[in-house]
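> Mind folding the following:
(one chain, ligands or ions: 2)
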Amino acid sequence: MKNFISLADVSDPKALVQEAIQLKKNPFADKALGKNKTIGLLFFNSSLRTRLSTQKAAQNLGMEVMVMNVNQDSWGLEMMDGVVMNGDKAEHVKEAAAVIGQYCDIIAVRSFAELKDRNADYQEIVINKFKQYAGVPIVNLESATRHPLQSLADCITIEEYKTKPRPKVVLTWAPHFKSLPQAVANSFSEWMNVWDVDFVVTHPEGYDLAPEFVGNAQVVYNQREAFEGADFIYTKNWSSYKDYGKVLTQNPDWMITMDKMRLTNNGKFMHCLPVRRNLKVTDEVLDSPQSIVIPQAGNRVWSAQVVLKQILSGL
Ligand SMILES: CCC[C@H](NC(=O)CCC(=O)O)C(=O)O
Ligand SMILES: NC(=O)OP(=O)(O)O
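Ligands and ions are numbered 1, 2, ... in the order given. I've put the predicted structure just below:
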């Protein structure tokens with residue numbers, strides 16, 4: 001594996017998940033692999049899980065870790081080529097990426113969608129500029145349209161908790177007052193489309209994800225119908241793709257409640273976190289035995305570690 005930017009960088013996703021599950025049993029077995037290697041973690045946006053789990057994964061592999069909050073700590077970065085840099089951005093990504101590539105053996109980048117210009121976001125300018133200029137492997141810590149480390153952890157979790165060979169997995173939209181990226185929903189859909197699951201996506205009208213991510217999923221606008229017999233309920237808010245970046249509704253009827261969870265086949269509740277309690281999901285559901293959000297978050301370490309192990313093995 002050279003880079004880990006999307007599912008396309010993974011030759012055998014099922015094998016990757018099985019390797020991650022094996023890693024959990026002996027987390028320090030590859031401690032020598034990352035000796036004298038450095039990973040740089042660059043955050044253009046906030047993070048708890050991604051920041052800490054990726055550091056832990058790198059340390060489990062014997063790597064040194066450098067972390068930078070790009071907008072607070074470094075210079076403002078200009079992403080567009082050919083512009084006169086007479087504004088508030090003091091450095092071009094061409095130099096910044098190449099210089100960081102001098103210090104680090106792997107660079108991991110978080111840069112959310114701006115949710116203003118759909119074409120700009122879906123061109124994945126930031127992470128592709130780092131891929132173009134850094135000269136070292138790039139890992140996606142959530143980009144404008146994807147969050148593959150989260151999706152890999154989600155697949156590990158589903159494999160660990162499934163009670164049948166082909167479970168029914170439902171991605172459900174839930175309300176939020178802010179305009180959030182489609183990245184987590186896109187990425188989860190992309191991975192579920194290649195998984196051995198019956199995949200259903202449910203959301204209000206107007207929130208259809210981009211066709212290239214929805215793939216062969218069954219799209220249902222009636223949430224309760226979608227929940228019938230589900231084995232996993234994966235909840236996430238996202239803003240409209242069609243009416244780009246817009247919050248079309250905050251209808252609280254889409255919040256996940258225990259009476260909806262009773263429609264499922266003792267379904268497990270999943271969420272990438274952070275989650276707004278009693279806005280997206282009730283305390284009752286989140287605090288119930290059906291919620292597996294904590295082990296799901298724990299699997300972010302093994303998701304990152306198996307990816308870094310594969311990249312280090314190719315250096
Ligand atoms: C892993 C999820 C990161 C991010 N989540 C948020 O921005 C939540 C922000 C909030 O609820 O205020 C998102 O939706 O992509
Ligand atoms: N799920 C996830 O990526 O969490 P953070 O935004 O806290 O890293």
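> Give me the phi and psi for the closest residue to Gly76 other than its chain neighbours.
Spatially, and ignoring its direct neighbours in sequence, Gly76 is nearest to Lys89 (3.9 Å; C-beta to C-beta, 6 or more residues apart in numbering). Placement of C-beta: from N, CA and C, glycine included. Backbone geometry at Lys89, expressed as degrees, to the nearest 10, gives phi -100, psi 110.
> Equivalent analysis for the one 4 residues further on, please.
As for Val93, its main-chain torsions (degrees, to the nearest 10) stand at phi -60, psi -20.
> So Lys260, which state does it fall into?
Applying DSSP: H, G, I helix; E, B strand; the rest coil to Lys260 yields a three-state assignment of helix.
> Likewise for Ala97?
Going by three-state DSSP: Ala97 is helix.
> That one and Ile138 touch, don't they?
No: contact status for Ala97 versus Ile138: not in contact, 9.1 Å apart, counting by C-beta atoms under 8 Å.
> Settle it for me: which of those two has more neighbours?
Ile138 (26 against 23; other C-beta atoms under 10 Å).
> Hmm, the more buried one is touching Arg110, no?
No: taking C-beta under 8 Å as the definition, Ile138 is not a contact partner of Arg110, at 11.7 Å.
> Around Ile39, how many other residues sit close by?
If we define neighbours as other C-beta under 10 Å, then Ile39 has 28 of them.
> what does Gln18 give?
That count, for Gln18 with other C-beta under 10 Å as the rule, works out to 14.
> ditto for Val293
Val293: 18 neighbours (other C-beta under 10 Å).
> Please report the distance of it from Pro27.
Counting by C-beta to C-beta, to the nearest Å, the gap from Val293 to Pro27 is 21 Å.
> Also Ser47?
Applying C-beta to C-beta to Ser47 and Pro27 gives a distance of 22 Å.
> So for these two, which sits in the more crowded spot?
When Ser47 and Pro27 are compared on other C-beta under 10 Å, the one with more neighbours turns out to be Ser47, at 18 against 15.
> Spell out which helix or strand contains that one, please.
Using DSSP states H and E, Ser47 maps to neither a helix nor a strand.
> show me the contacts for it.
For Ser47, the contact set (C-beta atoms under 8 Å, 6 or more residues apart in numbering) comprises 110, 141-142.
> ok, longest helix in the chain?
For the chain, the helix that runs over the most residues, judged by DSSP state H, is helix 293-313.
> elements contacting that helix?
When contacts are defined as 3 or more C-beta pairs under 8 Å, 6 or more residues apart in numbering; DSSP states H and E, helix 293-313 packs onto helix 13-25, helix 49-60, strand 106-110, strand 138-140, helix 148-161, strand 268-270.
> For ligand 1, which of those is the nearest?
Counting by C-beta to the nearest ligand atom, ligand 1 lies closest to helix 148-161 out of those; the figure is 6.2 Å.
> so how far is the closest one off the chain centroid?
Distance, stretch centre to chain centre, for helix 148-161: 10 Å (C-alpha atoms, centre = their mean, to the nearest Å).
> I appreciate the help and will end here.
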